[in-house]
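Enquirer: Following is a predicted model, sequence given first.
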Amino acid sequence: MKAKSILAFTAFALAAAGAAAQKSQVTNPVTSSSVTLFGIVDVALSYGSGSAGNITQLTSGRSTPSRWGVRGFEDLGGGLTAGFWLESQINMDTGTFGTTNVNNQPDGSASALFSRRSTVSLISSWGEVRLGRDFTASFRNRDDVDPFGTSGVGANLVDALNLEGPASTRASNMVGYFLPSGLGGFFGEAQYYMGETVDVSGQPDSHAGDGYAARIGWAGAGFAVAVAGSRTNQVQTATLGDVDAYNLGLSYDFEVVKLSGGYYYGKIEQFVPYKATGWLVGAVV
């Protein structure tokens with residue numbers, strides 16, 4: 001009986017593999033309850049050489065990030081659905097998990113089990129309210145037009161420049177709203193996130209880590225276009241300050257080939273303001 005249980009669990013886990021690859025917009029209301037286990041495992045054997053030395057190593061997530069998670073939905077009746085999503089990074093070469101930024105600031109890095117996503121949602125025909133740690137709207141816009149999904153050996157240089165500061169990819173303590181589907185191809189989201197720094201009168205960093213992000217777009221007949229922006233408050237230093245970021249993404253699917261492009265702008269209000277722009281042009285055949 002024990003052996004059969006282990007085999008059944010393994011089969012279930014494999015059947016659910018790949019589900020985490022989606023970076024979906026609003027989730028449609030469900031009419032039944034469900035809990036799903038999902039995951040992706042990716043590891044590569046790498047070798048590098050240079051003037052300073054050589055190294056052979058196992059590297060996790062060279063094609064797509066390794067992760068596992070559990071998500072579920074509960075039909076509350078009347079067209080209302082409750083949902084949760086817990087997703088953890090896996091470092092396949094060491095067996096460890098990832099880190100998260102608990103306050104959306106450079107000094108807030110901490111080891112966390114569900115560092116990729118930890119959210120609870122309320123979903124209906126009017127859209128979705130999502131609370132917790134999640135992708136920012138501006139990152140989702142970059143990710144949608146990147147042929148390599150902003151990860152692995154093909155990750156683009158623009159994303160590596162980290163134009164959006166500590167909350168470049170994900171933000172903690174977030175309250176988000178997603179437009180419902182069925183709006184003639186229009187989609188969008190708005191988010192507000194908090195650094196949860198104690199607010200002391202006259203203290204310059206009382207709102208450090210607070211920020212907001214939004215995205216609006218349209219998709220139909222193989223074409224998609226979206227614009228997004230974000231602002232994150234930070235304490236001003238020689239190398240850090242309030243971060244403003246904007247980007248535009250578009251794509252067209254010719255069925256044989258899908259072309260995509262993106263424009264990115266970032267500004268950090270440090271003592272000497274730092275500005276950067278970038279372009280992306282991609283194709284998936």
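Expert: On my side now, so go ahead.

Enquirer: quick one: the strands in the stretch 1-150 of the chain?
Expert: 34-40, 43-49, 54-60, 67-77, 80-89, 99-101, 109-111, 117-124, 127-135 (DSSP state E, counting those that start in this stretch).

Enquirer: could these be laid out in JSON lines, adding mean pLDDT and distance to residue 215?
Expert: All C-beta spots, glycine's among them, are computed from the backbone N, C-alpha and C. Shown next, in JSON lines, are the strands of the stretch 1-150 of the chain (pLDDT from 0 to 100; distance: least, CB to CB, whole Å):
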{"stretch": "strand 34-40", "mean pLDDT": "96", "distance to residue 215": "25"}
{"stretch": "strand 43-49", "mean pLDDT": "91", "distance to residue 215": "32"}
{"stretch": "strand 54-60", "mean pLDDT": "92", "distance to residue 215": "29"}
{"stretch": "strand 67-77", "mean pLDDT": "96", "distance to residue 215": "22"}
{"stretch": "strand 80-89", "mean pLDDT": "97", "distance to residue 215": "19"}
{"stretch": "strand 99-101", "mean pLDDT": "87", "distance to residue 215": "20"}
{"stretch": "strand 109-111", "mean pLDDT": "87", "distance to residue 215": "26"}
{"stretch": "strand 117-124", "mean pLDDT": "97", "distance to residue 215": "17"}
{"stretch": "strand 127-135", "mean pLDDT": "98", "distance to residue 215": "10"}
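
Enquirer: Reformat these as CSV; add mean neighbour count and distance to residue 169.
Expert: Formatted as CSV, those follow (neighbours: other CB atoms under 10 Å; distance: least, CB to CB, whole Å):
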stretch, mean neighbour count, distance to residue 169
strand 34-40, 16, 17
strand 43-49, 11, 21
strand 54-60, 12, 17
strand 67-77, 17, 14
strand 80-89, 19, 12
strand 99-101, 19, 9
strand 109-111, 12, 13
strand 117-124, 19, 11
strand 127-135, 20, 7
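
Enquirer: Show the contacting residues for residue 196.
Expert: Residue 196 makes contact with 103, 173, 209, according to CB atoms under 8 Å, 6 or more residues apart in numbering.

Enquirer: cool, residue 190 as well?
Expert: The contact partners of residue 190, taken as CB under 8 Å, 6+ apart, are 137, 176, 177, 212, 213, 214, 215.

Enquirer: Equivalent analysis for residue 175, please.
Expert: By CB under 8 Å, 6+ apart, residue 175 lies in contact with 129, 130, 131, 191, 192, 193.

Enquirer: repeat that with 6 Å
Expert: Counting by CB atoms under 6 Å, 6 or more residues apart in numbering, residue 175 touches 131, 192.

Enquirer: can you tell me how far it sits from residue 228?
Expert: 17 Å (CB to CB, to the nearest Å).

Enquirer: just the contacts of residue 190 now: which is nearest residue 70?
Expert: For the contacts of residue 190, the residue nearest residue 70 by CB to CB is residue 176; the value is 20.2 Å.

Enquirer: Wait, that closest one touches residue 130, no?
Expert: Yes. With contacts counted by CB atoms under 6 Å, residue 176 reaches residue 130, the gap being 4.5 Å.
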